[in-house]
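Asks: Pasting the sequence and the predicted model now:
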Amino acid sequence: MTNAAGQANTSVEDIDTPGRGDLTQLLTTGPFPEALRAAIKASRLSLDRVQHRLALRGVSISVATLSYWQSGRRRPERPESLEALRQLEAVLGVPQSGLSALLGPPRPRGRRCRPSSLMPIDALWDCPERVASLLAQVDTSSDSRLGRISQHDRCEVASDGGMKSTRVTQILRAEQDGPDRYVAVFETEGATEVSRLTALRNCHVGRTAIDPTTNMLVAELMFERPLARGETLIMEYQLDNPGPPYPAGNQCWARKFRVPVREYVLEVRFAPAALPVRCQQYSMLAGEEVPARQRNLTLDRSGGVHAVALGFGPGVFGIRWDLPARLRRD
């Protein structure tokens, strides 16, 4: 595999240096500062040389910051720091996300981000009582033991302007021993039937609960086995809506994160007959009532848009669009 700078990535096993086994173990269990120190030692690079190689990749970072990271006095949390860490992984020759997966959720900052306990799963929904009723029918005990490393949603908008399908790829990390499932909540505005959930990779559908008035779906996505602390999982599944006609979906797709996610990529592809007249990315942090951050998006040549969030949450992140008048369902 070749990275953006055109240099081949090197796996941990390719590093011929004493302590390689210790580094492999630390990349699995952490903690982050010790794993970073071991990776720098294995690379045989000084911090000055690491800084120089990062500069060649367009990353500006001080030696002091690198030193703080490996000592544990600070850790990368801001979007630009997380991007620097991704480049640092390539410079040090460790697997992609090998270090970033060890960070865990960002430390709380400010009054609004200091909850006394983990935010309930239903907290970010407009109808929390309905969601809580459905969640009571499944096992949510694993949720608090899973860190969200990465998620990629690929949404397909049909020719009639409705939501056709969404394919999801997630990377989860066990923060404690034992999590064996992920609980997902789906609601598609205007749906007259329940969406069909299909497990595609490293999971299968367990118990489900449905609200018949809205066709909201809560489902367990079961892992092949319980995860050990520090273990990561790549999971894929797909949500297909009945149609045509396909449900309107309120002309948007959004994810609700009750715990922070290191990286979230949202991609929306439009059928040629349903190209929107405007697309906009938006986000709301927990506690906000209206989107505080919005940005217009431009369609690419294949008729799609995407948005990326780094170190986001708790909160809501999404893309909304305006369809041509002939496709609007007022």
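Replies: Arrived safely, thanks for sending. Residues are numbered from 1 along each chain as shown.
Asks: From now on I want contacts and neighbour counts done on CA atoms only, so please keep to that.
Replies: OK.
Asks: what about the nearest residue to Gly303 once chain neighbours are set aside, how many neighbours?
Replies: Closest residue to Gly303 apart from its sequence neighbours, by CA to CA, 6 or more residues apart in numbering: Phe270 at 5.5 Å. Neighbours of Phe270 under the rule other CA atoms under 10 Å: 22.
Asks: Now do the strands in the stretch 51-200 of the chain.
Replies: Along the stretch 51-200 of the chain, counting by DSSP state E, counting those that start in this stretch, strands occupy 146-157, 163-174, 181-186, 196-201.
Asks: Ok, which of those strands comes nearest Arg278?
Replies: Among the strands of the stretch 51-200 of the chain, the nearest to Arg278 by CA to CA is strand 146-157 (14.2 Å).
Asks: quick one: average confidence on that closest one?
Replies: On average, the pLDDT along strand 146-157 is 95.
Asks: which other helices and strands contact it?
Replies: Judged by 3 or more CA pairs under 8 Å, 6 or more residues apart in numbering; DSSP states H and E, the packing partners of strand 146-157 are strand 163-174, strand 261-270.
Asks: rewinding a little: tell me the contacts of the residue nearest to Gly303?
Replies: Applying CA atoms under 8 Å, 6 or more residues apart in numbering to Phe270 gives the contacts Glu156, Val157, Ala158, Ser159, Pro276, Gly303, Gly304.
Asks: ok, and the most crowded of the residues you listed?
Replies: Busiest of those [other CA under 10 Å] is Val157, holding 25 neighbours.
Asks: Just confirm that residue contacts Ala273, I think it does.
Replies: No. Between Val157 and Ala273 there is no contact under CA atoms under 8 Å: 9.9 Å.
Asks: pretty sure Pro128 is touching Asp122, no?
Replies: Yes. Between Pro128 and Asp122 there is a contact under CA under 8 Å: 4.9 Å.
Asks: more crowded one of those two?
Replies: The neighbour comparison of Pro128 against Asp122 (other CA under 10 Å) goes to Asp122, with 19 against 14.
Asks: Need the phi and psi values for the more buried one.
Replies: phi -90, psi 0 (degrees, to the nearest 10).
Asks: List the contacts of it.
Replies: Counting by CA under 8 Å, 6+ apart, Asp122 makes contact with Pro128, Glu129, Val131, Ala132.
Asks: about what we covered before: make a markdown table out of the strands of the stretch 51-200 of the chain and add distance to Ala136.
Replies: A markdown table is the format used below for the strands of the stretch 51-200 of the chain (distance: least, CA to CA, whole Å):
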| stretch | distance to Ala136 |
| --- | --- |
| strand 146-157 | 19 |
| strand 163-174 | 23 |
| strand 181-186 | 11 |
| strand 196-201 | 20 |
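Asks: Quick check: which of those strands is nearest to Gly249?
Replies: It's strand 163-174; of the strands of the stretch 51-200 of the chain, that one is closest to Gly249 (CA to CA) at 5.8 Å.
Asks: Which elements pack onto that closest one?
Replies: Secondary-structure packing of strand 163-174 (3+ CA pairs under 8 Å, 6+ apart): strand 146-157, strand 232-240.
Asks: and the gap between Leu233 and His204?
Replies: 13 Å (CA to CA, to the nearest Å).
Asks: who has more neighbours, those two?
Replies: More neighbours surround His204 than the other of Leu233 and His204, with 18 against 15 (other CA under 10 Å).
Asks: is the more buried one in a bridge, and if so with what?
Replies: Met222 (DSSP bridges).
Asks: Quick check: can you list the domain ranges of the protein?
Replies: The record, using automatic domain parsing to delimit domains, assigns the chain the ranges 12-102, 128-327.
Asks: Confidence-wise, which of these is weakest overall?
Replies: Out of the domains of the chain, domain 12-102 stands lowest, with a mean of 80 (criterion: mean pLDDT).
Asks: How far off centre is that one?
Replies: Relative to the centre of its chain, domain 12-102 is centred 21 Å away, using CA atoms, centre = their mean, to the nearest Å.
Asks: Now list the buried members of the contacts of Asp122.
Replies: Buried members of the contacts of Asp122, counted by 16 or more other CA atoms under 10 Å: Val131.
Asks: Name the nearest of the contacts of Asp122 relative to Ala90.
Replies: Top of the list for closeness to Ala90, among the contacts of Asp122 and by CA to CA, is Val131 at 41.6 Å.
Asks: what pLDDT does the nearest residue to that closest one once chain neighbours are set aside get?
Replies: Counting by CA to CA, 6+ apart, Val131 lies nearest to Asp122, which is 5.7 Å off, once chain neighbours are set aside. On pLDDT, Asp122 comes in at 84.
Asks: any idea how far Asp122 is from Arg255?
Replies: As judged by CA to CA, Asp122 and Arg255 stand 13 Å apart.
Asks: again, but for Thr166
Replies: Distance of Thr166 to Arg255, given as CA to CA: 12 Å.
Asks: do the same with Pro31
Replies: Per CA to CA, Pro31 is found 29 Å from Arg255.
Asks: ok, which stretches of the stretch 1-150 of the chain are helices?
Replies: For the stretch 1-150 of the chain, the helices defined by DSSP state H, counting those that start in this stretch cover 20-29, 32-43, 47-56, 63-71, 79-92, 128-135.
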